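Visitor: I'd like to go over a predicted model; first the sequence, then the structure.
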Amino acid sequence: NYVDKYWRSDELPLFLQQCDYIVSILPSTSETRGMLGSDILKNAKKNAVLINVGRGDVISEADIVKALDSGWISAAILDVVEKEPLSSESLLWTHPKCILTPHTAAVVVFRPEDIADAFSRNYQDFLQGNSISGTIDFSRGY
């Protein structure tokens, strides 16, 4: 077992108090939109760093700036933002505690043979009436 503790979403304030780094890899769903917004980051551990490589709508630009300016987090490293492309007027471009990356955190290199193998396995499963791996559940948002 590689997990010390499972946290529920209602325990987010307590969880944030434990984190040196808050790494969001969350999808965009009705449950995750705004999850790190509002004043939730005031619960963050002193000097915590927010890293978002998931979906940008987990926290708004205004809430990131507020958390940085209030000292709730010491830095934000953002590969995604709520509205892309980020406006040229955005405060995040020049904020001294913010690093922006060009939405490349999830670049994956697939070899053609891997794609062909996955397709072949899924096609055989489909023909046999079995479930197909790697499907998207649109009702869940991912």
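Guide: Cool, got the structure.

Visitor: C-alpha from now on. contacts and neighbour counts both.
Guide: Noted.

Visitor: what's the average pLDDT for the top helix by length along the chain?
Guide: Counting by DSSP state H, the longest helix found in the chain is helix 112-127. What helix 112-127 shows for mean pLDDT is 90.

Visitor: If you tally nearby residues, what's the number for residue 31?
Guide: Residue 31 has 13 neighbours, counted by other Cα atoms under 10 Å.

Visitor: same thing with residue 122?
Guide: That count, for residue 122 with other Cα under 10 Å as the rule, works out to 18.

Visitor: Grab the nearest non-local neighbour of it.
Guide: Nearest residue to residue 122 in three dimensions, chain neighbours excluded: residue 132, at 5.3 Å (Cα to Cα, 6 or more residues apart in numbering).

Visitor: How many neighbouring residues does that neighbour have?
Guide: Count around residue 132 with other Cα under 10 Å applied: 14.

Visitor: going forward, begin numbering at 18 instead of 1
Guide: In the new count, where the first residue is 18, that last one comes out as residue 149.

Visitor: a strand runs through it, doesn't it?
Guide: No. Under DSSP: H, G, I helix; E, B strand; the rest coil, residue 149 falls outside any strand and is assigned coil.

Visitor: Many thanks, we can stop here.
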